[in-house]
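1. Could you look at this predicted model? Sequence included:
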Amino acid sequence: MATNDTLKKEDLEFNRNADVMRLAVSNLNQILSKIYLGGGKDKIAKQHEQGKMTARDRIDYLLDKDKPRFEIGALAGYEMYQEHGGCPSGGVVVVLGYVSGKQCIVVANDATVKAGAWFPITGKKNLRAQEIAMENRIPIIYLVDSAGVYLPMQDEIFPDKEHFGRIFRNNAVMSSRGIPQIAAIMGSCVAGGAYLPIMSDEAMIVDKTGTIFLAGSYLVKAAIGEDVDNETLGGATTHCEISGVTDYKCANDKDCLDRIKRIMSKLGEFPKAGFNRIAPAPPKKDPNEINGIIPDSRDKQYDMYEIIERLVDNGEFDEYKALYGKTIICAYARIDGWAVGIVANQRKVVKTKKGEMQFGGVIYSDSADKAAHFIMNCNQKKIPLVFIQDVTGFMVGSKSEHGGIIKDGAKMVNAMSNSVVPKFTIIVGNSFGAGNYAMCGKAYDPRLIVAWPSAQIAVMGGAQAAKTLLQIETASLKAKGEQITPEREKELFEKIKSRYDKQMSPYYAAARLWIDAIIDPLETRKVISMGIEMANHAPIEKPFNVGVIRT
C-alpha cells in the first residue's frame, strides 16, 4: 500500500481497507440505532402517553446543543440476558456532555427497558458513571425512573462490593469530596434506590409521574395491612409539602430539566489540574484516510506513524528516542490543542541499529524500556498520556528471556500503573495478553478506554488460542476413548475458533463494559479532547512514585 505523501485514493489496497472500515462503522451505527429504541417503539409510545419523555429525550433536552457529547456504555448488555428479553444499553443511558456550559456526566434510567429495573450490567454501568465523576471531579446528574433491582437476578446485583449498594456509598463519598450531585425523580424510585436521589445535593420530583418510597402500595398492604395509593404514599405533594424529602416540585419533565439547567448555570469554578492547551489545529493530513490505512485483515502490517499524523494537530509531533525501541512509538504532540504524550504500538516490521528485524505489534525489551522512561517523563511534566493499542504481546523465546524481557516489561507496567497524569486508551487493532496490560488496558484505570471497530481483545489471537484449546479438547476426548479423525479435529477446531472469535470482538468487550465505547475512528480526537478537559477538573494531589523497579 502507498504511504506517506504518496498515499493515493486509487490505491487498490487502500480502497479495499476503506470499504471494510466504512462497512464496519455502518454496521456499528445500525446496531446503535436499534439500541437507541430501548424497549421498543411501543414502550416509547406508552411513556409519551403518560406525559413522560424517554431517557434519551430527557438527555437531549438537558444537554447544550452547541457542545459535543460522548455516550458511555451504549453497547452495555449487547446480546446479553436474552433469556430475560435482553437489556438494551444496560437499561440506563450515560452521557458525558455539557449543561449550561458545565461539563458533567448525566445518568438516565430507561423506563422502556423492564421499567428501568437494574440488571447486573446496569449496576456496573452506573458505577462506571460514578467512577468517572469521582476520578475527574465533575458534576453528576441522575434522572431517576426505575423499578429497582431486577428480582430474577437479585443475587448478581444486590449484595457484593461492586453491586447496587456501592452506588449509595459513592453518593456519600462524592458529597464529602464536594462533587456536585443533582437528582431528578421523573418516574418510579423505589426501595433501596430511593436513597440515591436523597443522598444527592439537591433532589426534585415531577408532579403526578414521580414517586419515591421504600415500599410501594402493594408491599405496604402485604407488610402492614395499610391501604394507600402510590401518589399519597410518595408523590410530589407528599415529599415537597409533608415529608420534606425532596427540594423542588416540578410541573412536568421539561420544567424539571429546566430547573437543573438553572442550578448548573450557577456552579462556581473549582481548582484545575492545569494541563497545557493552546488554540486547536486540525491534522495536516486528512483523518478520513485512517479508514484506508487500517488493514482489512489483522494479520497485515501498516505504519502507525500514518495514523498518528492524522490524529495530532498539524500532523506535528516530537518523537522520543526515535532510533531506539522501534516497536513502540513515544511522542509529544497536541490533540485539539491539548498537550499529550503518545505511546503507540508500531505495526510495521522494523530494523534495529544492529540490523536485526523486529516484528510489528510486539513489545521488545528496548521498546518497554523506552516506554517506561517516556511515561515517567510525562508524569514529571504533567502531560496526559494517550495509549494507542495494536499489540500482540511481549516478545517470547530464549533470547528475549535471557535479555530480561520480564524485567523490562515489569518496568513499563510499573511506570504506567503508578502514573498520576490521566491516561486514555484507544484500541485500534489487537489488544492481546500482557500487551493489553502494559498499554493501559481497562484494569489500569484509563480515564476513558474506547475501541475502533477493527479492535480485538483477548489473551491471544484466535487461531493460536483455538489450536491450544484444540489440543486440550482432543486429549480429553481421547482419554475417554473417542477416536479423533482429521475431519472431527477440523470440526472441533472451527467450533472452538468461532467461539473464541466471538469473545475477541469489540462488541463482546463493549457489552461487558471492558471498554467504554466502540467509536468511528473519526471521533477519536473528540473523545480524547473531551476526556482531557474532563480530567483537567481534578488537580493532581499525589507525587509520582514508581516504587521498586528492577534494573
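-> Good, I have the coordinates. Numbering: from 1, shown residues only.

2. Count the neighbours of residue 547 for me.
-> Neighbours of residue 547 under the rule other CB atoms under 10 Å: 7. Bear in mind the C-beta positions are built from the backbone N, C-alpha and C, glycine included.

3. whoops, residue 346 was the one
-> Applying other CB under 10 Å, we find 23 residues neighbouring residue 346.

4. I'd like the distance between it and residue 498.
-> Separation of residue 346 from residue 498 (CB to CB, to the nearest Å): 31 Å.

5. for the stretch 301-450 of the chain, which spans come out with low pLDDT?
-> Applying pLDDT under 70 to the stretch 301-450 of the chain picks out no residues at all.

6. any chance you could map the strands in it?
-> With DSSP state E, counting those that start in this stretch, the ranges of strands along the stretch 301-450 of the chain come out as 317-319, 328-335, 338-345, 350-351, 357-358, 362-363, 385-391, 393-394, 423-432, 448-451.

7. which one of the ones you listed lies closest to residue 533?
-> Comparing the strands of the stretch 301-450 of the chain by their distance to residue 533 (CB to CB), the top pick is strand 338-345, with 7.8 Å.

8. Against which helices or strands is that closest one packed?
-> Helices and strands touching strand 338-345, by 3 or more CB pairs under 8 Å, 6 or more residues apart in numbering; DSSP states H and E, are helix 304-309, strand 328-335, helix 365-381, strand 385-391, helix 524-535.

9. average pLDDT for the last one?
-> It stands for helix 524-535. Across helix 524-535, the average pLDDT comes to 98.

10. Need the CA coordinates for it. PDB is fine.
-> Extracted as PDB, the C-alpha positions of helix 524-535 are listed here (Å, rounded to 0.1, in the frame of the first residue of the first chain):
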ATOM      1  CA  THR A 524     -11.100   9.800  18.300                       C
ATOM      2  CA  ARG A 525      -9.900  13.400  18.600                       C
ATOM      3  CA  LYS A 526     -13.200  14.500  20.100                       C
ATOM      4  CA  VAL A 527     -13.100  11.700  22.700                       C
ATOM      5  CA  ILE A 528      -9.500  12.400  23.700                       C
ATOM      6  CA  SER A 529     -10.200  16.200  23.900                       C
ATOM      7  CA  MET A 530     -13.400  15.800  26.000                       C
ATOM      8  CA  GLY A 531     -11.500  13.300  28.200                       C
ATOM      9  CA  ILE A 532      -8.600  15.600  28.900                       C
ATOM     10  CA  GLU A 533     -11.000  18.600  29.600                       C
ATOM     11  CA  MET A 534     -12.800  16.300  32.000                       C
ATOM     12  CA  ALA A 535      -9.600  15.200  33.700                       C
END
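
11. what's that helix in contact with?
-> Outside of helix 524-535, the residues within contact range by CB atoms under 8 Å, 6 or more residues apart in numbering are 68, 70, 96, 103, 132, 135-136, 138, 273, 275, 277, 280, 283, 287, 311, 335-338, 340, 384, 386, 422, 424, 426, 447-448, 450, 452, 517, 519.

12. Which ChimeraX command selects the buried ones in the residues you listed?
-> Remark: buried members of the contacts of helix 524-535, expressed as a ChimeraX selection using 16 or more other CB atoms under 10 Å:
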select :68,70,96,103,132,136,138,273,275,277,283,287,311,335,336,338,340,384,386,422,424,426,447,448,450,452,517,519
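
13. shouldn't residue 390 be in contact with residue 429?
-> Yes. Applying CB atoms under 8 Å, one finds residue 390 in contact with residue 429, separated by 3.3 Å.

14. Who has more neighbours out of the two?
-> Between residue 390 and residue 429, counting by other CB under 10 Å, residue 390 is the more crowded of the two (28 against 25).

15. what about the strands in the stretch 51-200 of the chain?
-> Counting by DSSP E, counting those that start in this stretch, the strands of the stretch 51-200 of the chain are 70-72, 92-99, 102-109, 140-146, 181-190.

16. Give me the mean pLDDT for stretch 253-266.
-> If you average the pLDDT over stretch 253-266, you get 98.

17. Return the set of buried residues in that stretch.
-> 253, 256-257, 259-260, 263-264.

18. Tabulate the CA atom coordinates of it in CSV.
-> C-alpha atoms of stretch 253-266 as CSV (Å, rounded to 0.1, in the frame of the first residue of the first chain):
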residue,chain,number,x,y,z
ASP,A,253,-40.3,16.7,32.7
LYS,A,254,-39.3,19.9,30.9
ASP,A,255,-39.9,22.1,33.9
CYS,A,256,-37.7,19.7,35.9
LEU,A,257,-34.9,19.7,33.3
ASP,A,258,-35.0,23.5,33.1
ARG,A,259,-34.5,23.7,36.8
ILE,A,260,-31.4,21.5,36.5
LYS,A,261,-30.1,23.8,33.8
ARG,A,262,-30.6,26.8,36.1
ILE,A,263,-28.8,25.1,39.0
MET,A,264,-25.9,24.1,36.8
SER,A,265,-25.6,27.7,35.4
LYS,A,266,-24.8,28.9,38.9
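
19. Now tell me what touches that stretch from outside.
-> 51-53, 57-58, 61-62, 99-102, 104, 139, 141, 182, 184, 186, 202, 204-206, 209, 248, 250.

20. Next: stretch 206-216.
-> Stretch 206-216 has contacts (CB under 8 Å, 6+ apart) with 50-52, 184-192, 194, 197-198, 205, 223, 230-231, 233-237, 239, 245-246, 249-253, 255-256.

21. that older thread, which residues are in contact with each of residue 390 and residue 429?
-> Residues touching both residue 390 and residue 429 (CB under 8 Å, 6+ apart) are 345, 347, 361.

22. so how many other residues sit close to the first one?
-> So that's residue 345. 27.

23. Run through the residues that contact it.
-> 304, 327-329, 360-361, 363, 388-391, 429, 435, 439.

24. quick check, nearest of those residues to residue 25?
-> Distances from residue 25 to these, taken by CB to CB, are shortest for residue 429, at 15.4 Å.

25. Next, the contact list for the closest one, please.
-> 294, 298, 345, 347, 361, 389-390, 452, 454-456.

26. which two in those are spaced the farthest apart?
-> With CB to CB as the measure, no two of these lie farther apart than 361 and 452, at 15.0 Å.

27. Tell me which of the helices and strands packed on strand 338-345 is the most buried.
-> Ranked by mean neighbour count, these are led by strand 385-391 with a mean of 26 (mean count of other CB atoms under 10 Å).
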